[in-house]
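Peer 1: Structure, please.
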Amino acid sequence: MNLKRTITRLTASLLLAVSMVSPALAATGTVNTEGSSLRLRAQASTDSSVLTKLPHNSQVEVIDQPDAGWYHVSYKGTEGYVSADYLIVTEDVAAQPVPTSAEPAAQSDEPADAMYIKVLQGPLNIRTGPSTDYDRVGQLSVGRTAEVLDVLDGWYQIEAGYVCGDYVREVDAAEAQNSSKGQEIADYALQFLGYRYVYGGASPSGFDCSGFTSYVYKQFGYSLNRSASDQLDNGTPVSRGELQPGDLVIFKKGNSSKRATHVGLYIGNNQFIHASTSKVGVIISRMSDAYYTTGFVGGRRIV
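Peer 2: Below is the predicted model of the structure:
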């Protein structure tokens, strides 16, 4: 009986404490956009700037509901507003008064279809705001892609800052994914910088030029032909001006009867990595280096 009496008193105390809490009760919400992302805005309006995007199924803390169309939420430390149409609230929220017919609710937001950009000229400066007057905080190389959070006066807001729209183009999710995979492959290849050249080699114990590109792509599930000439038949052709990280760059030097004599892997910013000679091994060269300004027979996009 004493235990039961103690529990009863504790329950009553808790109920009293709850009744004294401010009406704006925190709750949990789950973003439900069927695969796309949801804009987190600075104010409860579709005209307000986008702070970030919330992925499908992400969890937020609901702070309150200022009107019928919006929730005030916190996501990873950032507070903002999201459309009530695309948030499933798992606990009751004590909302502020909902507007009457004389006070129409704010326009509902739509789930954000993902937008991506691809850098055409670079390295492209990333700035803290949508103008060249703002500080530079980083750069994107040619061929890099990024998801767009917002568009302001010809500038694209990405996660790292803002980039000028004059030097990028919009791409769909599939192209952005392929570009990201190409960059991943280029980044992987860089770990072999300085490895030795071995004629006929196709492993970290020693590479020749086509053995190097074959080995790198094999790690990502792609099978390339073994020789530089035959790698001209892999993937799809791209021009010198269309190269992006991960593309093969293929050359023919001298009077060889072969279609190609050398191949490397483009890494961006007019550079490529390749197994060069037994004297220098795997190195990075520029497409503009005197030896490579002539003899370019093609680029091949594998991903």
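Peer 1: Give me the distance between the nearest residue to Val89 once chain neighbours are set aside and Asn57.
Peer 2: In this structure, Val89 finds its nearest non-sequential neighbour in Gly29, 4.9 Å apart by CB to CB, 6 or more residues apart in numbering. The way it works is simple: take the backbone N, C-alpha and C, and place the C-beta from them, glycine included. Gly29 sits 11 Å away from Asn57, going by CB to CB, to the nearest Å.
Peer 1: Go ahead and measure how far the one helix or strand the residue nearest to Val89 maps to is from the middle of the chain.
Peer 2: Taking DSSP states H and E as the definition, Gly29 sits inside strand 27-31. With CA atoms, centre = their mean, to the nearest Å as the basis, strand 27-31 stands 25 Å off its chain's centre.
Peer 1: OK, contacts around Thr90?
Peer 2: Counting by CB atoms under 8 Å, 6 or more residues apart in numbering, Thr90 touches Ala27, Thr28, Gly29, Thr30.
Peer 1: Before we move on, what's the pLDDT of the second one?
Peer 2: At Thr28 the predicted local confidence, pLDDT, stands at 88.
Peer 1: That one: neighbouring residues, count only.
Peer 2: If you count neighbours by other CB atoms under 10 Å, Thr28 ends up with 14.
Peer 1: picking that back up, run through the neighbouring helices and strands of the strand holding Gly29.
Peer 2: strand 59-67, strand 87-89 (3 or more CB pairs under 8 Å, 6 or more residues apart in numbering; DSSP states H and E).
Peer 1: Now the last one: buried residues?
Peer 2: Spelled out, it's strand 87-89. Leu87, Val89 (16 or more other CB atoms under 10 Å).
Peer 1: could you point out which element follows it?
Peer 2: strand 115-119.
Peer 1: mind listing what that next one pairs with, with the direction of each?
Peer 2: strand 145-148 (antiparallel), strand 168-171 (antiparallel) (DSSP bridges).
Peer 1: Show me the shaky parts of the stretch 101-250 of the chain.
Peer 2: 101-113 (pLDDT under 70).
Peer 1: at 80 what do you get?
Peer 2: Along the stretch 101-250 of the chain, the model assigns pLDDT under 80 to residues 101-113, 122, 141-143.
Peer 1: What segments of it are strands?
Peer 2: All strands of the stretch 101-250 of the chain, identified by DSSP state E, counting those that start in this stretch, fall at 115-119, 124-127, 136-140, 145-148, 150-152, 155-158, 161-164, 168-171, 202-203, 206-207, 236-238, 248-251.
Peer 1: can you tell which of these is closest to Leu224?
Peer 2: strand 248-251 (8.0 Å; CB to CB).
Peer 1: Quick one: name whatever helix or strand follows that closest one.
Peer 2: Heading C-terminal from strand 248-251, the first helix or strand you meet, by DSSP H and E, is strand 262-268.
Peer 1: neighbouring contacts of that following strand?
Peer 2: So strand 262-268 is contacted by 122, 141-144, 183, 185-186, 189-190, 209-210, 212-213, 216, 228, 231, 243-253, 272-274, 284-285, 299 (CB under 8 Å, 6+ apart).
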